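A.B. asks: Need the 3D shape of this:
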Amino acid sequence: METESELLSRLQSQFGDMDLSHLLDDKKSDGAESEESSLAEPTAEELRAWQEAQYQKGKQTIESKKSEELPPVQRRRRQAQKANSEDDDDWEQIAALPQLSEPSVFFPQSDESGSEILGLHPLLAKLSAADPEVLGTRWKRLYSSEQGDGLSFAMLLSTLKGYGGPTLMLISAKPSAKHMMEKTSKQSTIGFFTTSVWSESNSFFGNKDCFLFKIDEKENDIAIIRPRDKLKNGNFMYCHPSSLNPSNRRMTSSSATDGCVHGIGVGGSTSQPRLHLTETLEDCRAMEYCSSFEAAELLPNGKDSLYFFDADCIEVWGVGGEEWIQQSLQAQQKGRDLTEATLKKVRMVDKKQFIDDLRFMAKPNGLYEHVNHVDERADL
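C.D. replies: Now for the predicted structure:
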């Protein structure tokens, strides 16, 4: 018969760090005891119960670790989803509707005939349904080329960089004049939603909480293009302005930037993003296929312009609710203040160095000493 210590060793090797000693308490009588243990082996039901308990314990440990590693936006999403799942089943949950802080060119208050659109714009309602936890909330307009910000890549980059919350970008695209095989005025609306923070980099970043989309005003419909279930890579977002170049020169040729094109990209590769906004906002591109997102046409009749387009109007919205938006704006402002303080310090150092250089050059043989002084600084 298996001894108590042998049984304990066998169970602990099977169930890991669970404390099973209390299950092996030898209930001895007040009288004389035999040398053999009187403990009965656990039943099949008890073993199944221990195994289930160990499984749940391990699962909770893994989920807790993953939750700690998630960015703040994803943690809040998980917490909100968990809270919703714990609500009483007798209550019917109604999807929240987006609330825009300012008017949008893409969701006008009247239709083509001039009739007022009552309630929520139908296209906006369909777009928010793609991610109701984030898009079915308060929206804050961060950038609008039509509402005073101008159609400027520098302004667009300044709006995105350092903003700490989810954003949604809308682009009015017209076929590129340089690549059109025949003249047409047909425009389309495409866009990108992400919960990741935009930052300057010559490589991709982001996560699967994002999607491309296109709006079909004629059919009053929106097509959502999500990341693939089985990803070969994580090429979600890309933001590589020419200012990242050591030479600080503005180059547009991919061959001049070691294969990494300048601008903002989504999907595809660093040499050819699926959606690519150039720094001139002209000769941008929107392809039908990449390995990161589902295959779908972004531009209607895109082949007629070799998938090139010019950006005619751009809007960027901060989404996720008032709290997220305010915290994201505060994080962005802190980053800007830090950058400004650093630049101010550099300017002061440069000014002091310039005065020192003038003093060197004002002395007899000062030019010769100045050259030596510069060489010494370079060697440091």
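A.B. asks: Assumed residue 49 was part of a helix.
C.D. replies: Yes. The assignment for residue 49 by DSSP: H, G, I helix; E, B strand; the rest coil puts it in a helix.
A.B. asks: count of neighbours near it?
C.D. replies: Using other C-beta atoms under 10 Å, residue 49 has 12 other residues around it. C-beta coordinates here come from the backbone N, C-alpha and C atoms, glycine included.
A.B. asks: do residue 329 as well
C.D. replies: With other C-beta under 10 Å as criterion, residue 329 counts 17.
A.B. asks: who touches it in this structure?
C.D. replies: 140, 163, 318 (C-beta atoms under 8 Å, 6 or more residues apart in numbering).
A.B. asks: same check, this time on residue 236
C.D. replies: Here residue 236 is in contact with 194, 196, 204-208, 210, 227, 266-267, 292 (C-beta under 8 Å, 6+ apart).
A.B. asks: could you flag which of those residues are buried?
C.D. replies: Neighbour counting by 16 or more other C-beta atoms under 10 Å classes 194, 196, 204-208, 210, 227, 266-267, 292 among these as buried.
A.B. asks: Mind putting these into a markdown table with distance to residue 259 and pLDDT?
C.D. replies: Formatted as a markdown table, the buried ones among the contacts of residue 236 follow (distance: C-beta to C-beta, whole Å; pLDDT from 0 to 100):
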| residue | distance to residue 259 | pLDDT |
| --- | --- | --- |
| 194 | 24 | 97 |
| 196 | 23 | 94 |
| 204 | 13 | 95 |
| 205 | 17 | 94 |
| 206 | 20 | 94 |
| 207 | 24 | 93 |
| 208 | 25 | 93 |
| 210 | 24 | 96 |
| 227 | 23 | 95 |
| 266 | 18 | 97 |
| 267 | 16 | 96 |
| 292 | 18 | 94 |
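A.B. asks: TSV for these, including secondary structure and distance to residue 146?
C.D. replies: Shown next, in TSV, are the buried ones among the contacts of residue 236 (DSSP: H, G, I helix; E, B strand; the rest coil; distance: C-beta to C-beta, whole Å):
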residue	secondary structure	distance to residue 146
194	strand	22
196	coil	26
204	coil	30
205	strand	29
206	coil	27
207	coil	31
208	coil	31
210	strand	25
227	strand	30
266	strand	22
267	coil	26
292	coil	30
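A.B. asks: one step back: of the contacts of residue 236, closest to residue 217?
C.D. replies: Of all the contacts of residue 236, residue 217 sits closest to residue 266, with 21.6 Å by C-beta to C-beta.
A.B. asks: Show me what that closest one is bridged to.
C.D. replies: Assessed by DSSP bridges, residue 266 has beta-bridge partners residue 237, residue 275.
A.B. asks: can you count the residues close to the closest residue in space to residue 103 that isn't next to it in sequence?
C.D. replies: Spatial nearest neighbour of residue 103, chain neighbours left out: residue 109 (6.8 Å); criterion: C-beta to C-beta, 6 or more residues apart in numbering. Applying other C-beta under 10 Å, we find 10 other residues in the vicinity of residue 109.
A.B. asks: ok, residue 315 touching residue 143?
C.D. replies: Yes. Residue 315 is within contact range of residue 143, at 6.6 Å (criterion: C-beta atoms under 8 Å).
A.B. asks: report the longest strand in the chain, please.
C.D. replies: Longest strand in the chain by number of residues (criterion: DSSP state E): strand 308-318.
A.B. asks: That one pairs with which strands, parallel or anti?
C.D. replies: Strand 308-318 is paired, per DSSP bridges, with strand 138-144 (antiparallel), strand 167-175 (antiparallel), strand 284-286 (antiparallel).
A.B. asks: export the longest one as PDB, just CAs?
C.D. replies: What follows is strand 167-175, C-alpha atoms only, in PDB (Å, rounded to 0.1, in the frame of the first residue of the first chain):
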ATOM      1  CA  THR A 167      -7.600  58.200 -32.500                       C
ATOM      2  CA  LEU A 168      -9.700  58.100 -35.600                       C
ATOM      3  CA  MET A 169      -8.400  59.600 -38.900                       C
ATOM      4  CA  LEU A 170     -10.700  60.400 -41.800                       C
ATOM      5  CA  ILE A 171      -9.300  61.200 -45.300                       C
ATOM      6  CA  SER A 172     -11.100  62.500 -48.400                       C
ATOM      7  CA  ALA A 173      -9.100  61.000 -51.200                       C
ATOM      8  CA  LYS A 174      -9.300  62.100 -54.900                       C
ATOM      9  CA  PRO A 175      -7.500  60.300 -57.700                       C
END
